[in-house]
Every structure is written in structure tokens, then in C-alpha cells.
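Colleague: 3D, please:
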Amino acid sequence: MLALQGDFREHIAVLRSLGADAVPVKRPEELSNVAGLVIPGGESSVIDKLSRISGLAEPLTAAIAGGLPVYGTCAGLIMLADTVLDSIVGQQTFGGFDIAVRRNAFGSQLDSFETDLDIPVLGDPLVHAVFIRAPIVEAVGAAVNVLATLEDGRIVAVEQSNLLGTSFHPEMTGETRFHEYFLRKVRSA
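Modeller: Next up is the predicted model:
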């Protein structure tokens, strides 16, 4: 669990409730002790800056390229994107996901919303999704599998090889199926 900023505590609680040995990762040497990593929601520009200050940016980028299973929610999804359409000057990502995202695509915190999504890979029932200053995936490469869209077709969940990403926060609603799906990816890696 990348624990530099954001709602990492909530993700750790969900992962531990599912029997995973979830630990916070704040330093490069801790990265070698994990079989998978969740990058939480928060502020992508702050996660970027803190990852560079802590020395985690380069080893994490290499680990992702090397096949480390990583699940990014909200800002975590932005940090996995190869292209950020409206990044701030100098903002970097870990990359690896052949997607283009737009930060805060729905507006400010006041424009946050909840909706139910049909996500076939997770089965029934619908997934209750919470969007808080959420990004949207505006373009996907050929290797990217779209897992969920809003009714208007905007992409909000994607998967590519070792990477999984959602624009929303399943850790905030008691929804565990995305974390379970991710843990299966970790076990099979």
C-alpha cells in the first residue's frame, strides 16, 4: 500500500479484512517486500512530489514496468496513466497504463457523486461507486480492457496486464470485490 498521502488507511483495512498482509510503503526498501501495491486516492500532484522526495518514484516506475501488480484508485489511477491531459507543470506519473486521463473531470469536491455501475468481471450485484474529484479515462490503448463506464459512456474502470484502475473509491463503501479481484492478480503474478 503506497502510504505517502491519501486514503491509504481505508485500503489497508479492506485488504486486511480480506486476509491480505497489507503494509504501508513509504520508502524504496519497503517496495521490495510487497507482491502487489495499491496507490490510493488523494492528490496526484502531491503523491508525485512525495514519491520523488522519498526516492520511491524511480523504483516504483521500474517495478510497474517489471510486472508488479498495482491497483490505482482515483489519484492512483492518474499516477499509473501514461498520459495526463491536464497535469500541472512538471507533474510526473509512474506510468505503465496505456491510457490518457483527465484530472478532476467532474469538477470540484462539491460535484462529487455516487452511482451504481454494472461491472461484468465482478458479477452481480451492481457496484456502488463514489466519485470524489475523480479523473476520467479519455483514451485507451489496444491492450487496455475497459471494465466499467458511466451511462454516458465515459470510462471509469480499466485493466491492462498487471494494472487495475478505478476513477472511484470502492474502499469507502464497503465494496470489496475490486480488492478481491486485485488480490487474485497478485496471487497469480
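Colleague: A helix includes Glu171, no?
Modeller: Yes. Counting by DSSP: H, G, I helix; E, B strand; the rest coil, Glu171 falls inside a helix.
Colleague: mind listing the helices for this structure?
Modeller: For the chain, the helices defined by DSSP state H occupy 8-17, 28-31, 44-54, 57-65, 75-80, 177-188.
Colleague: Can I get these in CSV including mean neighbour count, distance to Phe131 and mean pLDDT?
Modeller: Placement of C-beta: from N, CA and C, glycine included. CSV is the format used below for the helices of the chain (neighbours: other CB atoms under 10 Å; distance: least, CB to CB, whole Å; pLDDT from 0 to 100):
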stretch, mean neighbour count, distance to Phe131, mean pLDDT
helix 8-17, 18, 16, 96
helix 28-31, 15, 29, 96
helix 44-54, 19, 15, 96
helix 57-65, 17, 25, 97
helix 75-80, 29, 12, 98
helix 177-188, 17, 14, 97
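Colleague: For Gly123, find the nearest of those.
Modeller: If you check each of the helices of the chain against Gly123 by CB to CB, helix 177-188 wins as the nearest, at 7.8 Å.
Colleague: for that closest one, packing partners?
Modeller: In this structure, helix 177-188 makes packing contacts with helix 8-17, strand 70-73, strand 163-166, judged by 3 or more CB pairs under 8 Å, 6 or more residues apart in numbering; DSSP states H and E.
Colleague: Does anything pack onto the first one? Which helices or strands?
Modeller: Identification of packing neighbours for helix 8-17 by 3+ CB pairs under 8 Å, 6+ apart yields strand 37-39, helix 177-188.
Colleague: can you rerun that using 10 Å?
Modeller: strand 37-39, strand 70-73, helix 177-188 (3 or more CB pairs under 10 Å, 6 or more residues apart in numbering; DSSP states H and E).
Colleague: Out of these, which gets nearest to Asn104?
Modeller: Closest to Asn104 of the helices and strands packed on helix 8-17, according to CB to CB: strand 70-73, at 14.8 Å.
Colleague: Let me see the contact set for the closest residue to Arg27 other than its chain neighbours.
Modeller: Spatial nearest neighbour of Arg27, excluding adjacent residues (CB to CB, 6 or more residues apart in numbering): Ser54 at 6.2 Å. Ser54 sits next to Leu4, Val25, Lys26, Arg27, Pro28, Leu60 when contact means CB atoms under 10 Å, 6 or more residues apart in numbering.
Colleague: For Ser54, give its distance to Gly96.
Modeller: With the distance defined as CB to CB, to the nearest Å, Ser54 ends up 19 Å from Gly96.
Colleague: Repeat that for Val14.
Modeller: Using CB to CB, Val14 is found at 23 Å from Gly96.
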